Structure formats: C-alpha cells, structure tokens
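Student: Generate a structure from the sequence data that follows.
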Amino acid sequence: MTNNAAIVEISQTANQFRSSIVLQYDNKYIDVKSILGLFTTLVGGGQYELHVHGSDADEAKKAMGAVFEKHSLDVKIVAE
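Tutor: Predicted coordinates for the structure are as follows:
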C-alpha cells in the first residue's frame, strides 16, 4: 500500500504545473492533481504510465518522475 505522504506529494507537485498530468493504470485514467483519485489508484505494484500535456510539460515530466522515483513507484513517462 502506498503511503499517504507519497500521494500528497505527487498531487502537490502536479498542482505546480499548468499541464494536464494523467496517470494510467490498467484501463483507468486518473488526474494526478486529484488526491482522491490517487488514493483509489496508487495501491502499489503494477506499472503506471504518466501522460503529460501542456506548455510546461517538460518541467512537469522531470518533477513528476523524481517524485515517483523518491517513493519507489514504478512509472513510465510517456512521450507524446
């Protein structure tokens, strides 16, 4: 089970950017800026994909990748 600190930090980091940041897991798409969405999706294990679109997408991808790595979450940042 992912800890609450990881979920809060992921959401807070995402909210610093204007870009759309969406986490894909199985067939679910979750807005990473939504803490509630993260609580129901980040259950640990599995491969997650992060889709980032917007004017500050490059910066957002770097920051989000660092947060996921810090909390030992396996995420693939998808290049659009």
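Student: What are the boundaries of the strands in this structure?
Tutor: Assigned by DSSP state E, the chain shows strands spanning 20-25, 28-31, 48-53, 75-78.
Student: Any chance of JSON lines for those strands, columns mean neighbour count?
Tutor: For glycine as for every other residue, the C-beta is placed from the backbone atoms N, C-alpha and C. Shown next, in JSON lines, are the strands of the chain (neighbours: other C-beta atoms under 10 Å):
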{"stretch": "strand 20-25", "mean neighbour count": "19"}
{"stretch": "strand 28-31", "mean neighbour count": "14"}
{"stretch": "strand 48-53", "mean neighbour count": "18"}
{"stretch": "strand 75-78", "mean neighbour count": "16"}
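Student: Just put the ones you listed in a markdown table and tack on distance to Val8.
Tutor: What follows is those, written out as a markdown table (distance: least, C-beta to C-beta, whole Å):
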| stretch | distance to Val8 |
| --- | --- |
| strand 20-25 | 15 |
| strand 28-31 | 15 |
| strand 48-53 | 17 |
| strand 75-78 | 17 |
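Student: With mean pLDDT as extra columns, can I get the ones you listed in CSV?
Tutor: Conversion of the strands of the chain to CSV gives the following (pLDDT from 0 to 100):
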stretch, mean pLDDT
strand 20-25, 93
strand 28-31, 91
strand 48-53, 94
strand 75-78, 92
